[in-house]
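Enquirer: When you get a sec, could you give me coordinates for this:
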Amino acid sequence: MSTQNPSPKAYITPPGVHVIDHPLVQHKLSLMRRKDASTNTFRTLLNELSMLMAYEITRDMPTQAIEIETPLETMTARVIDGKKLVLVSILRAGNGILEGMLSVVPGARVGHVGLYRDPHTLQPVEYYFKMPQDMQERDIVVVDPMLATGNSAIAAIDRLKQLQPKSIKFVCLLTCPEGVAALQKAHPEVPIFTAAVDRQLNEHGYILPGLGDAGDRIFGTQ
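Expert: Numbers count the residues shown, from 1 in each chain. Here you go, the predicted structure:
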């Protein structure tokens, strides 16, 4: 009889989790994972990847009809109201995704949630919160490169729900089964958009195989 351990069961992505598996997204993510990627390379790839992800995340954005003049005639055309969209960055690493998405939707408003993870409890501690006015009329996209324990995302969405926005989405580069389960348990109606669902968390709350600390790699502070 074989004494080998059985292979781990394949992870089945639950409803509400959208893995953006476009080849360009996966290619850039693989380059970012490499430990020898420089700060400049990592930052550039993150900007490009964020722009690519933005196309999928905004696929269902509402549009309105307006009348425009082409060089040949008048026509009715569809446009989005970017000012109704709020991109909310979980500081500090969320700013790396924010820049790329603003390149695609420059009319979006921007909010910031300042959270840091207590190294002992792994629980988030809020130190900053600034949002646009009239949030009840707006759709929110929360951005943070990593959904690991899920604690920061849950805390940010808890605060944002107090403002009663029209909708909330969560966007990350990487997540893991533990992070997905935690966020879906706390906020089951919030869809998660990610480029990959990695294997697991380690004992320090980092995603494996992951790409390290995204904030340190974006800002060169490691």
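
Enquirer: Can you list the buried residues in the helix ranked longest in the chain?
Expert: Criterion DSSP state H: the longest helix present in the chain is helix 39-57. Using 16 or more other Cβ atoms under 10 Å as the test for burial, helix 39-57 gives 42-54, 57. Using the backbone N, CA and C atoms, a C-beta is placed for each residue, glycine as well.

Enquirer: thought residue 82 was touching residue 104?
Expert: No: at 9.5 Å, residue 82 does not count as touching residue 104 under the criterion of Cβ atoms under 8 Å.

Enquirer: residue boundaries of the strands in this protein?
Expert: 17-19, 63-69, 74-80, 85-91, 109-117, 124-130, 139-143, 146-147, 167-175, 192-197, 200-201, 207-208 (DSSP state E).

Enquirer: Tell me which of those is the most buried.
Expert: Mean neighbours per residue, mean count of other Cβ atoms under 10 Å, is largest over those for strand 146-147, with a mean of 27.

Enquirer: other SSEs contacting it?
Expert: If you count contacts as 3 or more Cβ pairs under 8 Å, 6 or more residues apart in numbering; DSSP states H and E, strand 146-147 packs onto strand 167-175, helix 177-186.

Enquirer: So which of these is nearest residue 213?
Expert: strand 167-175 (11.7 Å; Cβ to Cβ).

Enquirer: number of nearby residues for the closest residue to residue 58 other than its chain neighbours?
Expert: For residue 58, ignoring the flanking residues on the chain, the nearest one in space by Cβ to Cβ, 6 or more residues apart in numbering is residue 105 at 6.4 Å. By other Cβ atoms under 10 Å, 18 other residues sit near residue 105.

Enquirer: Looks like residue 105 contacts residue 85 (just checking).
Expert: Yes: using Cβ under 8 Å, residue 105 is in contact with residue 85, at 6.0 Å.

Enquirer: tell me, what's touching these two both at once?
Expert: residue 58 (Cβ atoms under 8 Å, 6 or more residues apart in numbering).

Enquirer: For residue 105, give me its contacts.
Expert: 54, 58, 80, 82, 85, 87.

Enquirer: Check those and tell me the two furthest apart.
Expert: 80 and 87 (13.7 Å).

Enquirer: Run through the bridge partners of the spatially most central residue of the chain.
Expert: The centre of the chain sits closest to residue 171, judged by Cα atoms, centre = their mean, with a distance of 2.1 Å. Beta bridges link residue 171 to residue 143, residue 193 when assigned by DSSP bridges.
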